[in-house]
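> Would you be able to build a 3D model of this:
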Amino acid sequence: MLEEIKRILESHEVKPLSNQRHFAVLIPLIEVDEEMHLLYEVRSKSISQPGETSFPGGRVEKGETYKEAAIRETMEELSLSRDAIQILGEMDYIVNEHLVIRAFVGEVKKISVKDIQFNEEVDEVYTVPLNYFLTHEPVYYTANVKLEHEKGFPYELIPGGEKYNWKQGKHAVPFYNLSNHTIWGFTANLTDRFARLLKEYKREGDL
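Here you go, the predicted model:
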């Protein structure tokens with residue numbers, strides 16, 4: 001029995017204890033007037049979270065890797081050929097009990113911003129100089145997370161019952177308030193982390 005358990009565990013892919021959805025995004029770098037910019041999309045009214053700023057990306061389909069999903073979604077949303085996207089590497093990612101978002105950094109080549117023909121999922125694209133994020137930090141606001149239980153929750157089965165000391169959480173939400181757009185939430189999180197990563201290496205003399 002122990003050998004069988006060992007064999008099962010050795011062949012098992014370890015993953016979080018939840019039914020998460022899996023997404024991948026590309027953090028696109030593009031040259032504008034000889035300066036490196038980050039490229040953002042504004043989501044159209046035909047998809048979820050309309051009007052919000054996001055990076056190109058979407059759900060990972062069966063049989064593909066996170067990296068392949070990030071590239072495919074970027075090609076579809078921005079009507080790019082595969083050779084117009086050069087992946088530079090993977091960055092830190094977002095994970096919670098509901099989803100995993102893996103983030104890849106890549107250069108968009110062989111096309112200017114004005115020539116990008118985005119699809120129906122995108123209302124517009126815009127860019128922000130990378131240096132802006134290296135010199136400006138987002139403002140973080142706190143959202144309190146309150147735990148609520150459904151009717152009939154079996155308090156009687158746990159020590160303390162309804163007086164059990166449930167952990168309450170706080171969620172930090174970042175905002176970049178630009179002149180014509182607002183970047184917030186997961187997109188701002190990834191932007192901030194990317195900028196901090198570059199600044200950390202720059203301080204160490206590696207950039």
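
> If you count contacts, what does the longest helix anywhere in the chain end up packed against?
In the chain, with assignment by DSSP state H, the single longest helix is helix 185-203. Applying 3 or more C-beta pairs under 8 Å, 6 or more residues apart in numbering; DSSP states H and E, one finds that helix 185-203 makes contact with strand 21-32, strand 85-95, strand 99-108, helix 130-135, strand 169-177. C-beta here means a position set from N, CA and C on the backbone, and glycine is covered the same way.

> JSON lines for those, including mean pLDDT, distance to residue 68 and mean neighbour count?
Shown next, in JSON lines, are these (pLDDT from 0 to 100; distance: least, C-beta to C-beta, whole Å; neighbours: other C-beta atoms under 10 Å):
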{"stretch": "strand 21-32", "mean pLDDT": "97", "distance to residue 68": "8", "mean neighbour count": "20"}
{"stretch": "strand 85-95", "mean pLDDT": "96", "distance to residue 68": "10", "mean neighbour count": "14"}
{"stretch": "strand 99-108", "mean pLDDT": "96", "distance to residue 68": "10", "mean neighbour count": "20"}
{"stretch": "helix 130-135", "mean pLDDT": "97", "distance to residue 68": "25", "mean neighbour count": "15"}
{"stretch": "strand 169-177", "mean pLDDT": "93", "distance to residue 68": "28", "mean neighbour count": "13"}
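
> Let me know which of the ones you listed is the nearest to residue 58.
Set against residue 58 and scored by C-beta to C-beta, the helices and strands packed on helix 185-203 come closest in strand 21-32, at 6.3 Å.

> relative to strand 99-108, how tilted is the closest one?
20 degrees (axes from the mean of the first three to the mean of the last three C-alpha atoms, to 10 degrees).

> Give me the pLDDT value at residue 146.
If you check residue 146, the pLDDT there is 83.

> pretty sure it contacts residue 166?
No. Residue 146 lies out of contact with residue 166 (C-beta atoms under 8 Å); the separation is 9.6 Å.

> of those two, who's got more company?
Between residue 146 and residue 166, residue 166 has the larger neighbour count (other C-beta atoms under 10 Å), namely 13 against 8.

> what's the nearest residue to the more buried one once chain neighbours are set aside sitting at in phi/psi?
Nearest in space to residue 166, with sequence neighbours left out and distances taken as C-beta to C-beta, 6 or more residues apart in numbering, is residue 147 at 5.1 Å. Phi and psi for residue 147, reported as degrees, to the nearest 10, are phi -90, psi 120.

> before we move on, what about residue 148?
Backbone torsions for residue 148, taken as degrees, to the nearest 10, come to phi -120, psi 140.

> Distance of it relative to residue 168?
11 Å (C-beta to C-beta, to the nearest Å).

> about what we covered before: tell me the average confidence for the longest helix of the chain?
93.

> residues in contact with residue 31?
Residues in contact with residue 31 (C-beta atoms under 8 Å, 6 or more residues apart in numbering) are residue 37.

> Quickly list what it is bridged to.
Beta-bridge partners recorded for residue 31 (DSSP bridges): residue 36.
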